[in-house]
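> just the structure for this:
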Amino acid sequence: MSKKNKFHKIYVILSCILVVGFIIRLIYLYFLKDTVYFNPLLMDKHDQKTFIIWAQQILKHPWYVDGKPFYMAPLYPYVLAIFYRIFSGNLILVLIFQLLLDVFLCGLLFYIGKKIYNQWTGIIAAFLGCFYKTSIVYASSVLSDSLIFFLYIFFLFFLYYALEKPNIGRWISAGIILGFAALAKPTIAIYLPFLFIGLYLFPSKKLLPLTISEKMQPLLVMSILIGFSGLVILPVTVRNFYISRQFIPICTNGLVNWQIGNSSDSIGLFYYPKGQLLSPFSLAFWKLFITKVNIFFTSYEWPQNMTVYLMEDLIPFLKTAFVRFGFVVPIGMGGLLVLLKNWKKNFIFISFTLSNVLWVVLFFVVDRYRLPAVGCFMVSAAFLIVWSVEKLREKRILWPIVVWIFVGAFAYFYNILPGPLIPKPSVETFAALSVKNIQYDLSKRDFERALKKSETYYRFMPGDYRSSFMLACVYAEMGDMDSAIRYLEHSLKINPDFEPAHSFLNYLKNN
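Now for the predicted structure:
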């Protein structure tokens with residue numbers, strides 16, 4: 001096959017993968033709109049509602065917003081506000097834009113995989129990204145994580161794009177993207193010292209089309225990256241200072257998140273502690289750090305705001321996205337080990353991957369925080385698969401066997417279910433959201449949607465007397481009094497002391 005035909009074949013395959021990935025996301029979104037997780041304004045104590053309200057405040061006062069320094073990184077609510085205005089408040093269109101970004105991200109994984117090893121590495125990385133369940137769940141939600149994931153991987157893409165040939169414009173673009181990534185999640189700054197080392201180690205010392213010493217070029221590149229990212233961040237810093245007369249470069253919640261993950265009673269997950277903050281120079285701090293490392297690599301998807309397992313139960317179609325954390329990361333770890341053989345060339349990628357593990361572990365672990373690291377592991381997992389096939393074809397099987405034994409041991413060790421697949425707080429949240437959403441739909445006289453949500457609530461929690469009661473309310477509004485009476489009686493069978501069901505049942509029987 002000619003080189004041109006091979007090129008054509010690869011990009012046809014990539015295009016098919018990306019199209020299928022987008023279709024899966026659109027179908028998932030179609031089902032999501034009829035669940036209790038679609039209307040963020042009804043999601044009290046969830047970040048989804050916080051972001052929507054924040055975006056609405058931005059549309060009213062883009063500079064002052066709420067008159068306080070930004071508590072969380074502000075980029076996502078500003079992007080949300082822009083597209084909320086463009087699409088006239090149509091949340092479906094806003095989420096479709098996020099899904100497009102998620103698919104484009106998979107295209108970036110292809111490019112990075114191609115640069116790390118070859119085109120087939122890129123194809124497999126893009127495939128893993130398109131079918132990664134957790135990414136789809138969060139890209140379909142009013143949460144900042146899909147934008148963070150995209151910008152972090154976009155920055156890595158631009159690093160390799162800039163390394164292709166000496167070009168100042170490419171480094172400037174990388175710096176601008178770095179600035180936006182920091183405005184989405186400032187923890188990307190942890191990577192900068194590693195990047196500085198990686199630029200010195202990279203085989204090609206000619207980074208810029210200038211006559212200055214090659215030893216000075218990494219320093220100049222870092223100056224460009226930091227300088228232009230600083231220009232992007234500067235308006236936020238100025239705004240925060242103008243509002244509060246305090247120097248707050250981006251946001252104020254860093255210390256809060258540090259306390260959540262590093263107090264004496266922290267558990268390594270999202271949990272508000274009451275204990276004393278641990279010193280990084282204490283043994284207790286490093287014991288907790290090791291605990292969080294183990295939590296990070298555990299195959300279980302640690303929930304916050306959303307739970308992948310509950311969404312899969314509510315929307316069985318999500319099972320078509322079959323790639324999971326517990327599959328990608330063990331293989332990706334094996335891939336990183338093999339990449340260490342040419343560690344100077346791969347240091348930029350390896351350190352970016354590990355720094356994305358590090359920032360999560362330094363704070364606390366939830367499934368959505370792991371996304372940027374998982375994107376990198378997709379590339380290294382794809383590399384290991386391609387490398388292993390090549391070695392088998394060469395009949396050099398010893399090293400592939402050793403590495404895959406490591407992968408199997410890693411997967412076995414971290415294949416942990418720490419408790420119920422869907423934890424009790426998530427179940428309680430689902431119940432509360434169901435009641436609120438059904439009441440809202442009934443108030444809008446949207447009986448079809450109310451019925452779908454009440455049936456789902458009853459299917460998921462048949463032993464909850466409220467699920468029967470809400471289904472009875474919907475049937476009563478629809479004029480099906482026999483069904484309403486049947487479900488009211490079922491509700492009272494579960495909880496005989498539930499007075500609203502008694503009153504409603506007496507009313508229906510007497511009228």
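
> pretty sure Tyr76 contacts Leu147?
Yes: the criterion here is Cβ atoms under 8 Å, and Tyr76 meets it with Leu147 at 5.1 Å. (Glycine included, C-beta is placed from N, CA and C.)

> intersection of neighbour lists for these two?
With contacts defined as Cβ atoms under 8 Å, 6 or more residues apart in numbering, the residues adjacent to both Tyr76 and Leu147 are Ala184.

> just the buried residues of the helix ranked longest in the chain, please?
Secondary structure assigned by DSSP state H gives helix 3-32 as the longest helix of the chain. Applying a neighbour-count criterion of 16 or more other Cβ atoms under 10 Å, one finds 10, 13-14, 17-18, 21-22, 24-25, 28-29, 31-32 buried in helix 3-32.

> by contact count, what packs against the next helix or strand after that helix?
Helices and strands here follow DSSP states H and E; after helix 3-32, the next one along the chain is helix 47-60. Applying 3 or more Cβ pairs under 8 Å, 6 or more residues apart in numbering; DSSP states H and E, we find helix 47-60 packed against helix 75-86.

> give me the angle between the helix it packs on and helix 47-60.
60 degrees (axes from the mean of the first three to the mean of the last three Cα atoms, to 10 degrees).

> next structured bit after helix 75-86?
helix 91-116.

> buried ones in that next one?
Buried-residue list, helix 91-116, by 16+ other Cβ under 10 Å: 91, 94-99, 101-103, 105-116.

> coming back round to it: who does the longest helix of the chain touch, helix- and strand-wise?
Using 3+ Cβ pairs under 8 Å, 6+ apart as the test, helix 3-32 ends up in contact with helix 91-116, helix 119-130, helix 133-139.

> quick one, which of the ones you listed gets closest to Glu394.
helix 119-130 (15.7 Å; Cβ to Cβ).

> how far away from the center of its chain is the closest one?
18 Å (Cα atoms, centre = their mean, to the nearest Å).

> who does it touch, helix- and strand-wise?
helix 3-32, helix 91-116, helix 371-393.

> could you tell me the least trusted of those?
Lowest mean pLDDT within the helices and strands packed on helix 119-130: helix 3-32, at a mean of 90.

> ok, now which ones touch Ser434?
36, 453-454, 456-457, 466-467, 470.

> go with 7 Å
Shown in contact with Ser434 (Cβ atoms under 7 Å, 6 or more residues apart in numbering): 36, 453, 457, 470.

> confirm the third one sits in a strand?
No: when DSSP: H, G, I helix; E, B strand; the rest coil is applied, Tyr457 is found to be helix, with no strand at that position.

> would you agree it is in contact with Ala472?
No: the pair Tyr457 and Ala472 fails to qualify as a contact (Cβ atoms under 7 Å) at a distance of 11.9 Å.

> starting at the chain centroid, how far to the strand or helix carrying Ile350?
Using DSSP H and E, Ile350 sits within helix 343-362. From the chain centre to the centre of helix 343-362 is a distance of 18 Å (Cα atoms, centre = their mean).

> what is the mean pLDDT for it?
On average, helix 343-362 scores 97.

> repeat for stretch 65-79
Here the average pLDDT along stretch 65-79 is 96.

> quick check: buried residues in that stretch?
Going by neighbour count (16+ other Cβ under 10 Å), the buried part of stretch 65-79 is 65, 69-70, 72-79.

> just to revisit the earlier point, distance to Lys344 added to the helices and strands packed on helix 119-130, as CSV?
Below are the helices and strands packed on helix 119-130 laid out as CSV (distance: least, Cβ to Cβ, whole Å):
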stretch, distance to Lys344
helix 3-32, 28
helix 91-116, 14
helix 371-393, 17
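
> between those helices, which gets nearest to Asp482?
That would be helix 3-32 among those, by Cβ to Cβ, at 29.4 Å.

> where does this protein dip in pLDDT?
1-7 (pLDDT under 70).

> just the C-alphas of stretch 27-42, formatted as PDB.
The C-alpha trace of stretch 27-42 is given here as PDB (Å, rounded to 0.1, in the frame of the first residue of the first chain):
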ATOM      1  CA  ILE A  27     -27.900   9.900  22.000                       C
ATOM      2  CA  TYR A  28     -26.800  10.000  25.600                       C
ATOM      3  CA  LEU A  29     -27.800  13.700  25.800                       C
ATOM      4  CA  TYR A  30     -31.200  12.800  24.300                       C
ATOM      5  CA  PHE A  31     -31.900  10.400  27.100                       C
ATOM      6  CA  LEU A  32     -30.300  12.700  29.700                       C
ATOM      7  CA  LYS A  33     -32.800  15.600  29.000                       C
ATOM      8  CA  ASP A  34     -35.600  13.400  30.600                       C
ATOM      9  CA  THR A  35     -33.700  12.700  33.800                       C
ATOM     10  CA  VAL A  36     -33.500  14.700  37.000                       C
ATOM     11  CA  TYR A  37     -29.900  15.600  36.300                       C
ATOM     12  CA  PHE A  38     -30.700  17.900  33.300                       C
ATOM     13  CA  ASN A  39     -32.100  21.000  35.000                       C
ATOM     14  CA  PRO A  40     -29.200  22.600  36.900                       C
ATOM     15  CA  LEU A  41     -31.400  25.200  38.600                       C
ATOM     16  CA  LEU A  42     -33.200  22.500  40.500                       C
END
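
> residues contacting it from elsewhere in the structure, which ones?
Contacts of stretch 27-42 (Cβ under 7 Å, 6+ apart): 48-49, 52, 92, 95-96, 99, 136, 140, 142, 306, 314-315, 317-318, 430, 433-434, 436-437, 440, 449, 452-453, 456.

> repeat that for stretch 249-267.
For stretch 249-267, the surrounding residues in contact (Cβ under 7 Å, 6+ apart) are 69-74, 182-183, 186, 233, 236-237, 268, 270-278, 284-285, 288, 292, 363-364.

> could you do stretch 160-172 as well?
Contacts of stretch 160-172 (Cβ under 7 Å, 6+ apart): 112, 115, 158, 174, 202, 204, 206-209, 221, 224-225, 228.

> rerun that using 6 Å as the cut-off
Here stretch 160-172 makes contact (Cβ atoms under 6 Å, 6 or more residues apart in numbering) with 115, 174, 206, 208-209, 221, 224, 228.

> perfect, I'm done here.
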